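A.B. asks: Need a 3D model of the following:
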Amino acid sequence: MKIDSLTHMLEIGNKIAQNIRGGDVIELVGDVGAGKTTLVKGIAQGLGVEEPVQSPTFTINREYGGGGGLRLAHYDFYRLREAGVMSDELAEAIHDPSTVVVVEWAAAVDAVLPEDRLTLTIGLDKDEETARHISWTHSGEVATRLMEPLL
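C.D. replies: Below you'll find the predicted structure:
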């Protein structure tokens, strides 16, 4: 799927949020600057998060309260080779039925992530500087449900 602007990336996040439930996990794959945090901002908007969403690159994680009692936990393991105690925290968030988890740079915590998750890969367009391409991997009911509004 081609994404041609920041606004379009936010819209994609909003659409994904339409079918989000607590306990869902989304993995984001892409280079620095690909638009992962922008996508999370769109998901947060769709969940009714009112506070500004910021990249957790230096803090590892950020949490936001959304509407309907859902909480958004956004993790970024870019700076870590091993997650250590953060793996335990992530596992708790994943098993919390009121939390939606989004993970960037998940290699350090791959063993903790459930198989049934939505994995989105965001790539830069070689021909258009501001364009991106998103592809996804369906691995179960969660991934299929979350992508339904985009299909």
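
A.B. asks: switch to C-alpha atoms for all contacts and neighbour counts from now on
C.D. replies: Will do.

A.B. asks: Contacts for the helix or strand of the chain with the lowest mean pLDDT next, please.
C.D. replies: Ranked by mean pLDDT, DSSP states H and E, the helix or strand of the chain with the weakest confidence is helix 85-94, at a mean of 81. Residues from elsewhere that reach helix 85-94 (CA atoms under 8 Å, 6 or more residues apart in numbering): 23-25, 73, 99-101, 109, 112-113.

A.B. asks: Apply 10 Å and report the result again.
C.D. replies: 22-25, 60-61, 71-75, 77, 80, 83, 96, 99-103, 108-114 (CA atoms under 10 Å, 6 or more residues apart in numbering).

A.B. asks: Next, the spatially most central residue of the chain: secondary structure please.
C.D. replies: Nearest to the mean C-alpha position of the chain, counting by CA atoms, centre = their mean, stands Val102 at 3.5 Å. The assignment at Val102 comes out as strand when based on DSSP: H, G, I helix; E, B strand; the rest coil.

A.B. asks: Need the pLDDT of Leu80.
C.D. replies: We note a pLDDT of 54 for Leu80 in this prediction.

A.B. asks: for Trp105, same thing?
C.D. replies: The per-residue confidence score, pLDDT, reads 79 for Trp105.

A.B. asks: Which residue is the nearest non-sequential neighbour of Phe77?
C.D. replies: Spatial nearest neighbour of Phe77, chain neighbours left out: Trp105 (5.1 Å); criterion: CA to CA, 6 or more residues apart in numbering.

A.B. asks: repeat for Gly65
C.D. replies: Spatially, and ignoring its direct neighbours in sequence, Gly65 is nearest to Arg71 (4.6 Å; CA to CA, 6+ apart).

A.B. asks: List the contacts of that neighbour.
C.D. replies: 22-23, 44, 47-49, 63-65, 93, 96-101.

A.B. asks: Dig out what it forms beta bridges with.
C.D. replies: Per DSSP bridges, the residues bridged to Arg71 are Gly65, Thr99.

A.B. asks: where's it relative to Asp96, distance?
C.D. replies: As judged by CA to CA, to the nearest Å, Arg71 and Asp96 stand 9 Å apart.

A.B. asks: so what sits against both of those two?
C.D. replies: Common neighbours of Arg71 and Asp96 (CA under 10 Å, 6+ apart) are 22-23.

A.B. asks: what's the pLDDT at the residue of the chain most remote from its centre?
C.D. replies: Relative to the mean C-alpha coordinate of the chain, counting by CA atoms, centre = their mean, the farthest residue is Asp127 (25.6 Å). For Asp127, the model assigns a pLDDT of 73.
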